[in-house]
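K.L.:
Take this sequence and fold it.
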Amino acid sequence: MFTEDELLPISALQHLAFCERQWALIHIEGAWAENARTSEGRLLHEKVHEEEFESRGECRTVRSLRLRSFQLGLTGQADVVEFIQTSDGTTVIPVEFKLGKPKIDNCDEVQLCAQALCLEEMLHVQIEEGFFFYGRVRRRHQVLFSRSLRVETEKLSRTLHALYKDRKTPRAVYEKKCESCSLIDICMPKLVRRKSARSYLESIITEEDYEATEGNLL
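P.N.:
Here you go, the predicted structure:
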C-alpha cells in the first residue's frame, strides 16, 4: 500500500512500456520536447477536457476525472469516464483519446488498464472493458481488461516504483520506433552504436577535415 506522497503518474506507465529510457528522461531528468504529433495530441486532449460532464439518456459522461490507486501507487486523470445505467446497476467505462491509430505494442492498453484499476479501487466496481478514441481513424477501439493485461499492468507499476527509487537513466538503444519519439534529439540513440570517437568524427566531417584535426582531437 502506498501513501499519497508516493503516488506516480499513470502516464508514466505508458512511457515506461514504450521505452525505459524515454520514461527516465521525462520523469527522472525532466526532459521534454514536442514534435507535430505531441502538439496535436495535446490540443486534442485540451478539447476533450473543455466540459466537465454531460448526460445523454442513460449515459452520464464525466471528463477530466481525477484517479488514484493506493494499491498500485498511481495517480492521474481520465479523459472520459462513462457511467451507463442498466437494469443490473451502473456500468463504468473509461475512454482515452489518442491522436493516431491503434499501436502494434500494448503500451496504450496498459495505460487504460491502469485507469480502470484505479476506478475499480475508488468506486468498488468491476470494469470489464474500456475504449480508445483514435483521432486519425475517427472511431473507437475496444480494450478488454483481461487477466493477463491486469497482471502486466500491476507488474509494470511495481517496476515503475523500483526504477523511480533507483533514479538511474538507462543507456540508449536505437530501435525503429525511436524515429517517432519527440525526444530523439535529446536521447541521441544512434550515437551509442559508434565504436569510437574516430568513427563518429568520420560521420560528421570530411576526410580532409579529419586529417587536419586528427592530431588535436584524438
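K.L.:
Flag the shaky bits of the chain, pLDDT-wise.
P.N.:
In the predicted model of the chain, residues 32-55, 192-218 satisfy pLDDT under 70.
K.L.:
Go again with 80.
P.N.:
32-57, 99-104, 135-138, 180, 182, 184, 191-218 (pLDDT under 80).
K.L.:
all strands for it, in order.
P.N.:
Remark: strands assigned in the chain by DSSP state E are 8-9, 53-56, 59-69, 74-86, 89-98, 129-134, 139-144.
K.L.:
wouldn't residue 70 be in contact with residue 117 here?
P.N.:
No: at 11.3 Å, residue 70 does not count as touching residue 117 under the criterion of Cβ atoms under 8 Å. All C-beta spots, glycine's among them, are computed from the backbone N, C-alpha and C.
K.L.:
the more surrounded of these two?
P.N.:
Per other Cβ atoms under 10 Å, whichever of residue 70 and residue 117 has more neighbours is residue 117, with 22 against 16.
K.L.:
so that one touches residue 68, yeah?
P.N.:
No: if you go by Cβ under 8 Å, residue 117 and residue 68 don't touch, sitting 10.6 Å apart.
K.L.:
any residues in contact with both of these two?
P.N.:
Counting by Cβ atoms under 8 Å, 6 or more residues apart in numbering, the common neighbours of residue 117 and residue 68 are residue 74.
K.L.:
now the helices for the chain?
P.N.:
For the chain, applying DSSP state H gives helices covering 10-18, 20-27, 36-48, 107-123, 147-166, 184-187, 197-204, 207-217.
K.L.:
packing partners for the fifth one?
P.N.:
Translated: helix 147-166. strand 8-9, helix 10-18, helix 20-27, helix 107-123 (3 or more Cβ pairs under 8 Å, 6 or more residues apart in numbering; DSSP states H and E).
K.L.:
name the helices or strands packed onto the longest one?
P.N.:
Yep, that's helix 107-123 we're talking about. Here helix 107-123 touches helix 10-18, strand 59-69, strand 74-86, strand 89-98, strand 129-134, strand 139-144, helix 147-166, going by 3+ Cβ pairs under 8 Å, 6+ apart.
K.L.:
residues in contact with stretch 5-21?
P.N.:
Outside stretch 5-21, the residues touching it (Cβ under 8 Å, 6+ apart) are 22-23, 26-27, 67-68, 70, 73-76, 105-108, 110-111, 114-115, 118, 153, 156-157, 159-161, 163-164, 169-173, 177-178, 181, 187, 189.
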